[in-house]
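>>> Sequence and predicted structure are below.
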2 protein chains.
Amino acid sequence: MFKTHDIAMKSYQPRLLQDDLYSIPIDAFFKSAFSVDCVIFGYHEAELKVLLIQRGTEPFENYWALPGDLVYPNEDLDSAALRILNDLTSLTNIPIKQVKTFGKVDRHPLGRVITIAYLALVEPTDLAPHASSWARDTRWHPIAEVPQLAFDHQEILEVSLEELRSRILHEDLWSKVLPAKFSLTQFQELFETILGKTFDKGNFRKKVVKYKFLQKLEEAQRGVSHRPSLLYSFDAKRYQEMKANGFSFEF
Amino acid sequence: MFKTHDIAMKSYQPRLLQDDLYSIPIDAFFKSAFSVDCVIFGYHEAELKVLLIQRGTEPFENYWALPGDLVYPNEDLDSAALRILNDLTSLTNIPIKQVKTFGKVDRHPLGRVITIAYLALVEPTDLAPHASSWARDTRWHPIAEVPQLAFDHQEILEVSLEELRSRILHEDLWSKVLPAKFSLTQFQELFETILGKTFDKGNFRKKVVKYKFLQKLEEAQRGVSHRPSLLYSFDAKRYQEMKANGFSFEF
DNA sequence: AAAGCTTTTTGTATAAATTACAATTAGTGT
DNA sequence: ACACTAATTGTAATTTATACAAAAAGCTTT
């Protein structure tokens, strides 16, 4: 099985090719095209990773790269991003955020391809078996140990990480990486990891509680050999209300 | 004279057409394409406007729309935005900012065209004579009196205004709309207009002075029938320094 | 030339938020 | 019962924000 991505690349040097499995007419991708690349961040226990694929075809064969694909003619951009995310992780219903479109003339060696970058933040799940059809290999890389990447993916990753850092609190991107019930310590760890700095425990707690989008539950932690923490849940409705009122969150 | 934009639209229902003046091969735009749309804001004396064109061709003939064009195959996205801006206003060396890419499948009635939106903030100059070749009419519209727009341009405008408001202080977008030497009152008026709220004069001044990216000059206002204000200039170098250090500006 | 007008500029007292750090608490393990 | 750990609460000192008032510097009028 091969993806439209490969087809389009090959067909750039004009040649007649058959439609692929998705029955998309080849000439829809002639000479210029747009793709979506996904920066899928994974967070688990104070570690931030990014999901990369190892390319199985030229150009940049064997290089690691951000997962991406050409956008189908009948597919919205967001849908394309969600499709890629789902193909690799089997996850659905994940909030995504468009980051920026990268379109330098020479960014793709085989033709004019611009790419719209999206980001998501998920729990680093096992990868879907399907994922192997994408590429030679698929793997979570700690954010500090990312290898040299194909195309301009290094820049895309940097810009996306910057975006994640600056928007993490304004969007609800983070809401999928914590369990439904979590402690304030877990919550703090998440933001410390992503922002790359630490906060005073007491002060952080006060600020968060003030924002009121965390709902204190009756329940507490159990089985830990110290004072158990109370559990909280994310009050999405109140969060949206506050956002609609132009409330500005900041740490 | 006609623009590549029109050509591409017509040629979507496959038909053979000649190359246009820019000698771009027609088939480069077959079936799917990407364009750049510019939200050119104009600020002058506490009034915010936006530059719109009135379309001279179908679809949406006679509707007002954001100026835009297909991106040439050998042209970077930023360059395309600057070209459009320059075509209409003759301005060069204006900071622009990519806002977002809009790509709903049905956003363009004649084919799959996604568009990358850019914004700029300039002084509403006289329009270049050239501009009339673009469209039936070209005009600055006060932001509160924008007519119904073609395509999804209403949404693009809204998102762009939101972006302008939230980034005005972090980017130096504003630096082109004030004279080289300006008073703090002028500076405050600019931000009040764009953000749509007012500030206490004394407190605003204190905050700005604290940020230190304004350079106090020896010169003062002349000929006004009240206490003349001291003049300031924008210290772009210091501003960039502060931005690089992760300084966060806010009003 | 003095008094008045207007807007800039500076000042100040109060309230609110941030910060650093200490004290208390609620569990488990010995 | 006591020690241990991390959660939770508290507090004093500092900084920042806010509202408002006073002073200053030109021009205009008398």
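Yep, that arrived.
>>> Kindly report the residues of chain A close to DNA strand D.
Proximity of chain A to DNA strand D (Cβ under 7 Å from any atom of the strand) is limited to residues A:183-185, A:201-203, A:205, A:220, A:224-230. For every residue, glycine as well, the C-beta is placed using N, CA and C.
>>> pLDDT on the lengthiest helix in chain A, on average?
Across chain A, the longest stretch assigned as helix under DSSP state H is helix A:153-167. Taken as a whole, helix A:153-167 has an average pLDDT of 97.
>>> List every C-alpha atom in that helix, with coordinates, as CSV.
Listed in CSV are the C-alpha atoms of helix A:153-167, where the atom choice follows Å, rounded to 0.1, in the frame of the first residue of the first chain:
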residue,chain,number,x,y,z
HIS,A,153,10.5,19.9,9.8
GLN,A,154,13.1,21.1,12.3
GLU,A,155,11.7,24.6,12.0
ILE,A,156,8.1,23.4,12.1
LEU,A,157,8.8,21.5,15.3
GLU,A,158,10.4,24.5,16.9
VAL,A,159,7.6,26.9,15.9
SER,A,160,5.1,24.4,17.1
LEU,A,161,6.8,23.9,20.5
GLU,A,162,6.8,27.6,20.9
GLU,A,163,3.1,27.7,20.0
LEU,A,164,2.3,24.9,22.5
ARG,A,165,4.2,26.8,25.2
SER,A,166,2.5,30.1,24.6
ARG,A,167,-1.0,28.7,24.1
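>>> Can it be said to contact chain B?
No - using Cβ under 8 Å from any Cβ of the partner chain, helix A:153-167 stays clear of chain B, with a minimum separation of 9.4 Å.
>>> same deal with stretch A:64-78?
Yes - counting by Cβ under 8 Å from any Cβ, contacts between stretch A:64-78 and chain B involve A:71, A:73-77.
>>> Tell me how many other residues surround the residue of the stretch 101-250 of chain A found nearest chain B.
Closest to chain B within the stretch 101-250 of chain A is residue A:103: 3.9 Å, counting by Cβ to the nearest Cβ. Using other Cβ atoms under 10 Å in any protein chain shown, residue A:103 is surrounded by 26 other residues.
>>> OK, contacts around it?
When contacts are counted by Cβ atoms under 8 Å, 6 or more residues apart in numbering or on different chains, residue A:103 is found next to A:114-115, B:34, B:71, B:76-77, B:116.
>>> Apply 7 Å and report the result again.
A:114, B:76-77 (Cβ atoms under 7 Å, 6 or more residues apart in numbering or on different chains).
>>> and what of residue A:131?
By Cβ under 7 Å, 6+ apart, the contact set of residue A:131 is A:87-88, A:138.
>>> can I get these in a markdown table with pLDDT and secondary structure?
Rendered in a markdown table, the data for those read as follows (pLDDT from 0 to 100; DSSP: H, G, I helix; E, B strand; the rest coil):
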| residue | pLDDT | secondary structure |
| --- | --- | --- |
| A:87 | 93 | helix |
| A:88 | 94 | helix |
| A:138 | 94 | strand |
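>>> with the residues you listed in mind, which one is nearest to residue B:95?
Of all the contacts of residue A:131, the one with the least separation from residue B:95 (Cβ to Cβ) is residue A:88, at 37.1 Å.
>>> And that closest one, how far from residue B:85?
Distance of residue A:88 to residue B:85, computed by Cβ to Cβ, to the nearest Å: 39 Å.
>>> Got phi/psi on residue A:131?
Per-residue torsions, residue A:131: phi -60, psi -30 (degrees, to the nearest 10).
>>> and it, what pLDDT?
70.
>>> Ok, the one 4 residues further on next?
We note a pLDDT of 85 for residue A:135 in this prediction.
>>> which residues touch it?
Residue A:135 makes contacts with A:53-56, as judged by Cβ under 7 Å, 6+ apart.
>>> Those residues into TSV, with extra columns for neighbour count, pLDDT and secondary structure?
Putting those into TSV (neighbours: other Cβ atoms under 10 Å in any protein chain shown; pLDDT from 0 to 100; DSSP: H, G, I helix; E, B strand; the rest coil) gives the following:
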residue	neighbour count	pLDDT	secondary structure
A:53	22	96	strand
A:54	18	95	strand
A:55	21	94	coil
A:56	15	91	coil
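>>> of these, closest to DNA strand D?
residue A:53 (36.3 Å; Cβ to the nearest atom of the strand).
>>> just to revisit the earlier point, filter the residues of chain A next to DNA strand D down to just the ones in strands.
Judged by DSSP state E, those include A:220, A:230 as members of strands.
>>> Between which two of the residues of chain A next to DNA strand D is the distance greatest?
A:203 and A:225 (26.0 Å).
>>> neighbour count winner among the two?
For residue A:203 versus residue A:225, the count of surrounding residues by other Cβ under 10 Å is larger for residue A:203: 9 against 5.
>>> Report pLDDT for that one.
For residue A:203, the predicted pLDDT is 97.
>>> Neighbours of residue A:45, how many?
The criterion is other Cβ under 10 Å. On that basis, residue A:45 has 8 neighbouring residues.
>>> Just give the nearest non-adjacent residue to it, would you?
residue A:189 (7.8 Å; Cβ to Cβ, 6 or more residues apart in numbering or on different chains).
>>> if I've got this straight, that neighbour is in a helix?
Yes - secondary structure of residue A:189, determined by DSSP: H, G, I helix; E, B strand; the rest coil: located in a helix.
>>> now residue A:65: how far from residue A:143?
In this structure, residue A:65 and residue A:143 are 16 Å apart, going by Cβ to Cβ.
>>> Identify all contacting residues around the longest helix of chain A.
Counting contacts by Cβ under 7 Å, 6+ apart, the residues outside helix A:153-167 that touch it are A:37, A:39, A:41, A:50, A:65-66, A:97, A:99-100, A:102, A:117, A:119, A:121, A:146, A:149, A:194-195.
>>> Quick check: buried residues in it?
With burial defined by 16 or more other Cβ atoms under 10 Å in any protein chain shown, the residues of helix A:153-167 counted as buried are A:153, A:156-157, A:159-161, A:163-164.
>>> go on, stretch A:31-51?
A:31-43, A:48-51.
>>> Okay, and which of those map to strands?
Counting by DSSP E, the members of these that fall within strands are A:32-43, A:48-51.
>>> Pull the number of nearby residues for the residue of the stretch 51-200 of chain A found nearest DNA strand D.
Evaluated by Cβ to the nearest atom of the strand, the stretch 51-200 of chain A has residue A:185 as its residue closest to DNA strand D, separated by 3.3 Å. Other residues within reach of residue A:185 by the criterion other Cβ under 10 Å amount to 13.
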